[in-house]
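Colleague: this one's structure only:
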């Protein structure tokens, strides 16, 4: 071959063809393998760098199996904790059942004493009255100078005064001719009041809040309601309301006398005794109406000022006003202050509310015994209903009547009502109230403290509204009397770890104890409670939580001390008496509870995966990188009943009372908290492991991508190169053929 001589062009074409063939082979190899670096000869740097990246990715990929197992171990532990929490909840339910069963003892340890007269509102026992005055307010009579104090006989009303009208003409216009019995008030005419003033059917007059109604027709045809009665041409209900029958045009009836009688009945000047449909009128206070020289004179009663409202024409016809027309006019006349009465007379309709009972002041004279309602009685100026409610009549009523009514309401005195309709005052639970130096001194009685409110001016008129006359309530507190325990002290040392008790019985202020509620508030912190029965027996017992404990024992505490008196002498505390049925029920609950505790043991033992149990104290170690420098150690916990602080219960000792059940509930709550803490820790570690697991997967992808970037070929580029090299090879072959043409020509010459 060495003897063969090639021309330069042939040699050049041959070399180009060989180079192209080598490049084409390389390109085809890259396309076949997909890599541009297949051996260290291709690119030593990229080859060995990619090999290192692939090796690290392979190592990390091998660690993923261990990480995945770690995740499953943590999930197995979490599943176990979830089951344990359910078992804890089941145990709680059993402990709560123990709390809801009968306490377990038919009798709890207790001490008791009887306090005569004690009530839940006042434990001090029998009390006497407290002489309460009107906060220094002395009530003055109406005597000149305003400084004379009232006495028991001071009248409640005031002095009567006159309302004198002008001389009034009759219907014929004759001046000063108004007469009582002869002048008609109905159909206008010469013998009637002035024509324009004649009332018609349906007209009314209002006198001191009472109503006088005018009706046409004769009284003989009137229907008289039950309880009402007739007198002349009027029908009255006995309470000041009346109907005046005017008659007819042909036969007029009512006269000025009838009208003035109706006015006097309404104002309280006259009163009516009703019997068998008739009404007998008589003077009650003041002076009956009269006419002198044609002028009408009306007087106030002693129990109320006079106030008349009606049609102007009617009042004008009676000479009481100068106003005319159909509009309403009001005329009035005040009473005078009497030296024998209160300086501020009590207003009609005023009331006092005394300990929930009502005393009403009424402008009238007290009724006769035969006219009081059944079951009620009258004494002087007071009518009482026998239930503590009274009416005090302002006409001739006295301050003593007020004191009697108040004592009836408080129970300080007791009324004895006889069938005849009268009553007498007798001993009650206090002493009679009285007036001292012009001030009301009111007995509280022993039933309750004194509270008086009022409407109208009753409080202020009686000096019960304070020095400023603006107080709305008058009160007085009963004082402890013989047999009471006011000032007595009572102590208990700490019972079952409670707060020692040190109380003093008193009025409930300044730290003293008065009511059962206050006593229980003081005993509660020392695990005791108090009750009071209908016989005033005060019993102090242990609370249900410590029903199995004994008051005053060395083991439990609660030693009683303090002042010992005949009114506060307690019995010796006895140990509690077990209820066998209830204790059997509680013992059964103990067995149920222990069964649940056993399940906690087996559940914690079964919460393993691949030989690792984090609930049994095992440790899980996870490696996250190929060098072993990145690790996570997860320490397990012994979640057995002992590890959770849940010992096995003993029947007859545990659940024996509410305190024992509560101790178990406290332990269960602590165990539940421990489980939640462990679950939180496992959850946190699981989150870390899952994050590292995802990180490892992503890192493997990064490493493999980096390796591929160094070694993988670009198939598009290599395909283009292959096409170009093929073209180049074809051209090189053609060029080689052309270069060989001269050689062929020589060959032809030799042929």
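Modeller: Everything's here; your move. None of the values given here were measured: they were computed from a predicted structure. Numbers count the residues shown, from 1 in each chain.
Colleague: And the next helix or strand past the least confident helix or strand in the chain by mean pLDDT?
Modeller: Confidence across the helices and strands of the chain bottoms out at strand 127-128, with a mean of 50, counting by mean pLDDT, DSSP states H and E. Heading C-terminal from strand 127-128, the first helix or strand you meet, by DSSP states H and E, is strand 162-167.
Colleague: quick one: whatever helix or strand comes next after that following strand to chain centroid distance?
Modeller: For strand 162-167, the succeeding helix or strand toward the C-terminus, using DSSP H and E, is strand 204-207. Centroid displacement of strand 204-207 relative to its chain, using C-alpha atoms, centre = their mean, to the nearest Å, is 50 Å.
Colleague: Show residues contacting strand 204-207.
Modeller: By C-beta atoms under 8 Å, 6 or more residues apart in numbering, the residues outside strand 204-207 that reach it are 211-214, 240, 262-263, 266-267, 306-310, 314. All C-beta spots, glycine's among them, are computed from the backbone N, C-alpha and C.
Colleague: Which elements pack onto the helix or strand following that strand?
Modeller: Where DSSP H and E defines the elements, the next helix or strand beyond strand 204-207 is strand 210-215. Judged by 3 or more C-beta pairs under 8 Å, 6 or more residues apart in numbering; DSSP states H and E, strand 210-215 is in contact with strand 204-207, strand 242-245, helix 256-267.
Colleague: Closest one of the contacts of strand 204-207 to residue 227?
Modeller: Using C-beta to C-beta, residue 240 comes nearest to residue 227 of the contacts of strand 204-207, at 13.2 Å.
Colleague: Quick check: that closest one touching residue 234?
Modeller: No - in this structure, residue 240 is not within contact of residue 234 by C-beta atoms under 8 Å, at 11.9 Å.
Colleague: hang on, the earlier thing: in JSON lines, list the helices and strands packed on strand 210-215 along with mean pLDDT and distance to residue 230.
Modeller: Formatted as JSON lines, the helices and strands packed on strand 210-215 follow (pLDDT from 0 to 100; distance: least, C-beta to C-beta, whole Å):
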{"stretch": "strand 204-207", "mean pLDDT": "96", "distance to residue 230": "18"}
{"stretch": "strand 242-245", "mean pLDDT": "96", "distance to residue 230": "9"}
{"stretch": "helix 256-267", "mean pLDDT": "94", "distance to residue 230": "11"}
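Colleague: could you pull out the strands for the stretch 1-150 of the chain?
Modeller: Ranges of strands in the stretch 1-150 of the chain, per DSSP state E, counting those that start in this stretch, are 105-107, 110-114, 127-128.
Colleague: so of these, which one's packed in deepest?
Modeller: strand 127-128 (a mean of 22; mean count of other C-beta atoms under 10 Å).
Colleague: just to revisit the earlier point, which one of the helices and strands packed on strand 210-215 lies closest to residue 155?
Modeller: Of those, nearest to residue 155 by C-beta to C-beta is helix 256-267, at 17.5 Å.
Colleague: Okay, buried residues for the helix or strand that the closest one is followed by please.
Modeller: Toward the C-terminal end, the helix or strand that comes next after helix 256-267 (DSSP H and E) is strand 270-275. The neighbour-count check on strand 270-275 (16 or more other C-beta atoms under 10 Å) flags 270-272, 274 as buried.
Colleague: can the residues you listed go into JSON lines with extra columns for pLDDT?
Modeller: Formatted as JSON lines, the buried residues of strand 270-275 follow (pLDDT from 0 to 100):
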{"residue": "270", "pLDDT": "95"}
{"residue": "271", "pLDDT": "93"}
{"residue": "272", "pLDDT": "92"}
{"residue": "274", "pLDDT": "90"}
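Colleague: among those residues, which two are most distant?
Modeller: Applying C-beta to C-beta across the buried residues of strand 270-275, the maximum distance is between 270 and 274, 13.0 Å.
Colleague: Residue 571 sits in which helix or strand?
Modeller: Using DSSP H and E, no helix or strand contains residue 571.
Colleague: Might you report the residue contacts of it?
Modeller: Contacts for residue 571 (C-beta under 8 Å, 6+ apart) come out as 111-113.
Colleague: backbone phi and psi for it, please?
Modeller: phi -70, psi 170 (degrees, to the nearest 10).
Colleague: Redo the contacts of residue 571 as CSV? Include pLDDT and distance to residue 300.
Modeller: Compiled in CSV, the contacts of residue 571 are given as follows (pLDDT from 0 to 100; distance: C-beta to C-beta, whole Å):
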residue, pLDDT, distance to residue 300
111, 92, 68
112, 91, 64
113, 89, 62
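Colleague: from these, which single one is nearest residue 542?
Modeller: Among these, and counting by C-beta to C-beta, the member closest to residue 542 is residue 111, at 10.3 Å.
Colleague: my read: the closest one touches residue 562, true?
Modeller: No - using C-beta under 8 Å, residue 111 makes no contact with residue 562, being 12.0 Å away.
Colleague: hang on, isn't residue 121 packed against residue 448?
Modeller: Yes - using C-beta under 8 Å, residue 121 is in contact with residue 448, at 7.3 Å.
Colleague: Neighbour count for these two, which is higher?
Modeller: For the pair residue 121 and residue 448, the greater number of neighbours falls to residue 448 (17 against 12), based on other C-beta atoms under 10 Å.
Colleague: Not counting its neighbours along the chain, what's nearest that one?
Modeller: In this structure, residue 448 finds its nearest non-sequential neighbour in residue 355, 5.7 Å apart by C-beta to C-beta, 6 or more residues apart in numbering.
Colleague: tell me the contacts of the one you found?
Modeller: 388, 409-410, 447-448, 450-452.
Colleague: circling back: would you reformat the strands of the stretch 1-150 of the chain as CSV and include distance to residue 282?
Modeller: Converted to CSV, the strands of the stretch 1-150 of the chain look like this (distance: least, C-beta to C-beta, whole Å):
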stretch, distance to residue 282
strand 105-107, 71
strand 110-114, 58
strand 127-128, 45
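Colleague: Looking at these, which is nearest to residue 597?
Modeller: strand 105-107 (26.1 Å).
Colleague: for that closest one, packing partners?
Modeller: Going by 3+ C-beta pairs under 8 Å, 6+ apart, strand 105-107 lies up against strand 577-578.
Colleague: switch to 10 Å and redo it
Modeller: In this structure, strand 105-107 packs against strand 577-578, helix 580-606, with contacts taken as 3 or more C-beta pairs under 10 Å, 6 or more residues apart in numbering; DSSP states H and E.
Colleague: which residue sits closest to residue 336 in space, ignoring its chain neighbours?
Modeller: Nearest residue to residue 336, sequence neighbours excluded (C-beta to C-beta, 6+ apart): residue 159, at 4.0 Å.
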